[in-house]
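Colleague: 3D model of this:
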Amino acid sequence: MTLLATALRNSSRIEAALIGRKDPKSLLNGLGWIISSGSTRAKFANGGIPLVWNQSHTRVAKWIIGTSGLIVGMIHIGGLTRLTMSGLSMTSWSPLGGLPPITRDEWNREFERYKAFPEFKQRKSMTLVEFQYIYAWEYGHRMLGRAVGVAFMVPWMYFTARGRIPKGFQKHMAMLGFMGGSQGVIGWWMVKSGLGNDRRDDQRQIRVKPVRLATHLGMAFATYGALLYTGWDILRLPSYNSETITKIFANIPRERLSLMLQQARRLRGGAFAVTGLTAATIISGALVAGNDAGRAYNVWPKMTDDYWIAPEVWSSEDDDGRHNTAWYLSTENTATTQFNHRMLGHATGAAAVGVMAFASSLAASSVKNAFLTPQVNRGLMLMSVTAFGQMTLGIVTLLNYAPVSLAALHQLGSVAVLTSSLYVVHSLKFVKHPALLKLISPKAAATPIAGGALKRTPVVAARSMPITPPPKIIFKK
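Modeller: Model prediction:
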């Protein structure tokens with residue numbers, strides 16, 4: 001134990017010699033430095049790897065990012081369509097769509113068609129005007145989806161014909177087109193689950209299958225994230241190169257740079273974890289919506305007045321005496337789906353704050369980590385604020401019995417969290433660039449310059465600092 005403790009102390013001394021000492025009380029100073037670096041245009045140690053808006057591919061990037069904005073609109077309108085219980089008002093589907101009913105006779109025929117399906121059995125008092133209201137939401141959602149498809153396909157064909165798509169990005173465009181095109185099919189597959197004759201005996205309000213709703217929403221968020229990440233990749237083309245990265249990091253001693261790179265990779269791993277938790281929380285939120293679980297167990301932090309975890313979360317049998325499988329509990333049980341969403345929401349908020357605390361500890365060193373660029377710091381700041389704010393908004397929505405306004409805002413909040421966490425991941429993408437691996441490799445310690453002489457990178461600077469040598473291990477007989 002003594003040898004281990006001594007080795008750990010020496011390891012800490014080596015780290016302090018390479019990147020400077022950390023004072024636990026200076027974490028707030030580190031946080032302040034991150035905030036100031038991410039929120040101003042002041043000159044810092046390096047300008048990072050910025051998004052370049054003035055370049056030859058700017059129009060392509062703006063088109064891709066603009067399309068992702070339309071996807072956000074689709075997500076919002078889709079959420080309102082669900083919250084207004086309008087999703088089953090249109091009982092047929094065609095890829096190209098068509099005009100809505102216009103004359104009163106056309107509206108009456110469409111209403112009579114709707115009456116033939118199971119949902120109307122629970123809405124027999126519905127008037128034609130009320131039907132027109134829910135029909136408008138579903139029709140608008142579907143036509144907006146087709147408009148997004150046109151907004152993607154037409155510019156893609158134009159930019160391809162003009163040779164404006166950056167080299168290597170055509171396969172990305174094909175993938176994005178496939179993801180967007182599949183949404184219409186997935187959407188109809190979802191709606192059909194609420195229109196079948198097998199739903200006529202449902203005692204609870206007829207809804208689409210929660211798993212299909214989660215699939216539909218999950219694909220929408222995946223398409224949004226892929227569009228956004230691709231747009232950022234294009235904007236960063238001029239700055240994401242060996243020359244820029246070498247210029248930023250070449251003057252840092254090799255051992256120090258290697259340690260900073262390890263820390264930056266851990267930081268990016270934390271951002272990946274927040275992104276994954278956000279995605280899982282979004283999917284669990286769709287399951288909550290599919291079961292209308294947001295309007296049950298409306299207390300916090302406990303699930304009921306008497307229990308932290310409602311007994312129904314682990315219930316092996318439902319009210320009809322049927323055995324509940326783990327799949328059923330996690331996808332169609334009101335208590336379990338809400339419990340899962342609560343825990344994932346808390347975990348996402350805590351993880352985002354934890355990643356920010358880790359970054360603050362890196363910034364608290366006397367020698368700042370060079371990988372904390374203005375772009376990374378800006379993303380960290382946004383990620384922690386949006387994740388914690390989204391968790392708080394979810395609690396407020398639950399306590400208020402999930403009104404339409406708060407529930408819709410809560411769904412938009414998930415877009416903000418996903419966007420900011422993806423931005424941190426993308427801002428740290430350069431940690432895997434080959435140019436960095438060359439800088440920290442042993443061969444980089446001596447590089448030839450003009451005239452045949454050798455120029456050594458400043459490795460001695462870190463070694464010249466007093467470091468206690470590791471203890472000798474003596475084996476006693």
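
Colleague: switch to C-alpha atoms for all contacts and neighbour counts from now on
Modeller: Noted.

Colleague: where exactly do the helices run in the stretch 1-150 of the chain?
Modeller: Secondary structure of the stretch 1-150 of the chain (DSSP state H, counting those that start in this stretch): helices located at 2-19, 27-39, 58-83, 104-115, 128-161.

Colleague: how far away is the most centrally placed residue in the chain from Ala226?
Modeller: Closest residue to the average C-alpha location of the chain: Leu418 at 2.5 Å, with C-alpha atoms, centre = their mean. Leu418 sits 11 Å away from Ala226, going by C-alpha to C-alpha, to the nearest Å.

Colleague: Please apply the same query to Lys209.
Modeller: From Lys209 to Ala226 the distance is 26 Å (C-alpha to C-alpha).

Colleague: can you check Trp327 too?
Modeller: 29 Å.

Colleague: Which one's more surrounded, the two?
Modeller: Ala226 (21 against 9; other C-alpha atoms under 10 Å).

Colleague: The more buried one and Phe178 touch, don't they?
Modeller: No. Counting by C-alpha atoms under 8 Å, Ala226 stays clear of Phe178, with 11.7 Å between them.

Colleague: Give me the buried positions along the helix or strand Gly181 falls within.
Modeller: Counting by DSSP states H and E, the element that carries Gly181 is helix 170-192. Under the neighbour-count criterion of 16 or more other C-alpha atoms under 10 Å, helix 170-192 has 173, 176-177, 179-181, 183-184, 186-192 buried.

Colleague: between it and helix 58-83, how big is the angle?
Modeller: If you take axes from the mean of the first three to the mean of the last three C-alpha atoms, to 10 degrees, helix 170-192 sits at 10 degrees to helix 58-83.

Colleague: Rounded mean pLDDT for stretch 136-147, please.
Modeller: When pLDDT is averaged along stretch 136-147, the result is 95.

Colleague: Just give me how far that stretch sits from the chain centre.
Modeller: 25 Å (C-alpha atoms, centre = their mean, to the nearest Å).

Colleague: got the angle for the longest helix seen in the chain vs helix 58-83?
Modeller: For the chain, the helix with the greatest residue count under DSSP state H is helix 254-290. Orientation of helix 254-290 against helix 58-83 (the same axes, to 10 degrees) gives an angle of 30 degrees.

Colleague: Can you list the neighbours in contact with the helix or strand just after helix 254-290?
Modeller: Following helix 254-290 in sequence order, the next helix or strand is helix 326-332 (DSSP H and E). Helix 326-332 has contacts (C-alpha atoms under 8 Å, 6 or more residues apart in numbering) with 210-211, 287, 291, 313-314, 336-337, 340.

Colleague: Report the residue ranges of every domain in this protein.
Modeller: According to automatic domain parsing, the chain comprises the domains 8-50+239-447+454-464, 53-236.

Colleague: looking at the ones you listed, which is buried most?
Modeller: Mean neighbour count (mean count of other C-alpha atoms under 10 Å) peaks for domain 8-50+239-447+454-464 among those, with a mean of 19.

Colleague: Do you have the helices of the stretch 301-450 of the chain handy? List them.
Modeller: Using DSSP H, counting those that start in this stretch, the helices of the stretch 301-450 of the chain run over 326-332, 334-363, 374-399, 404-427, 434-440.

Colleague: wait, which of those is closest to Thr244?
Modeller: helix 434-440 (9.4 Å; C-alpha to C-alpha).

Colleague: Just give me how far that closest one sits from the chain centre.
Modeller: How far helix 434-440 lies from its chain's middle: 29 Å, per C-alpha atoms, centre = their mean.

Colleague: In PDB, list the C-alpha atoms belonging to that helix.
Modeller: Output in PDB follows, covering the C-alpha atoms of helix 434-440 (Å, rounded to 0.1, in the frame of the first residue of the first chain):
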ATOM      1  CA  PRO A 434      -3.800  12.000 -37.700                       C
ATOM      2  CA  ALA A 435      -1.800  15.300 -37.400                       C
ATOM      3  CA  LEU A 436      -2.100  15.100 -33.600                       C
ATOM      4  CA  LEU A 437      -0.900  11.500 -33.500                       C
ATOM      5  CA  LYS A 438       2.200  12.600 -35.400                       C
ATOM      6  CA  LEU A 439       2.900  15.400 -32.900                       C
ATOM      7  CA  ILE A 440       2.800  13.000 -29.900                       C
END
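
Colleague: Who are the packing partners of it?
Modeller: Packed against helix 434-440 by the contact rule (3 or more C-alpha pairs under 8 Å, 6 or more residues apart in numbering; DSSP states H and E) you find helix 242-249, helix 254-290.

Colleague: Kindly reformat these as JSON lines containing mean pLDDT.
Modeller: Output for the helices and strands packed on helix 434-440, formatted as JSON lines (pLDDT from 0 to 100):
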{"stretch": "helix 242-249", "mean pLDDT": "85"}
{"stretch": "helix 254-290", "mean pLDDT": "94"}
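
Colleague: Could you find the closest non-adjacent residue to Gly394?
Modeller: His410 (6.3 Å; C-alpha to C-alpha, 6 or more residues apart in numbering).

Colleague: Touching, that neighbour and Met391? I think so.
Modeller: No. The criterion here is C-alpha under 8 Å, and His410 misses it with Met391 at 9.0 Å.

Colleague: contacting residues around Val60?
Modeller: Applying C-alpha under 8 Å, 6+ apart, the residues contacting Val60 are 159, 164-165, 231, 234.

Colleague: pretty sure Thr180 is in contact with Gly149, am I right?
Modeller: Just to correct that, residue 180 is Gly rather than Thr. Yes. With contact defined as C-alpha under 8 Å, Gly180 counts as touching Gly149 (6.9 Å).

Colleague: any low-confidence regions in the stretch 101-250 of the chain?
Modeller: Applying pLDDT under 70 to the stretch 101-250 of the chain picks out residues 203.

Colleague: Show the contacting residues for Thr91.
Modeller: Thr91 neighbours (C-alpha under 8 Å, 6+ apart): 113-114, 195.

Colleague: related to what we said a few turns ago, got the angle for the longest helix of the chain vs helix 374-399?
Modeller: 20 degrees.

Colleague: ends of stretch 311-326, how far apart?
Modeller: Stretch 311-326: ends 15 Å apart by C-alpha to C-alpha.

Colleague: pLDDT of that stretch, averaged?
Modeller: Stretch 311-326 comes out at a mean pLDDT of 74.

Colleague: From His172, how far off is His433?
Modeller: Counting by C-alpha to C-alpha, the gap from His433 to His172 is 20 Å.

Colleague: on that earlier part again, ok, now how distant is the residue nearest to Gly394 from Trp300?
Modeller: Taken as C-alpha to C-alpha, the span from His410 to Trp300 is 17 Å.

Colleague: what do you get for Tyr135?
Modeller: Separation of Tyr135 from Trp300 (C-alpha to C-alpha) stands at 36 Å.

Colleague: same deal with His346?
Modeller: Between His346 and Trp300 the computed distance is 12 Å (C-alpha to C-alpha).

Colleague: Check Ala61 too.
Modeller: Relative to Trp300, and taking C-alpha to C-alpha, Ala61 is found at 43 Å.

Colleague: Same check on Leu261?
Modeller: 41 Å.

Colleague: Next: Lys62.
Modeller: For Lys62, the distance to Trp300 - C-alpha to C-alpha - is 42 Å.

Colleague: That concludes my questions; thank you for your assistance.
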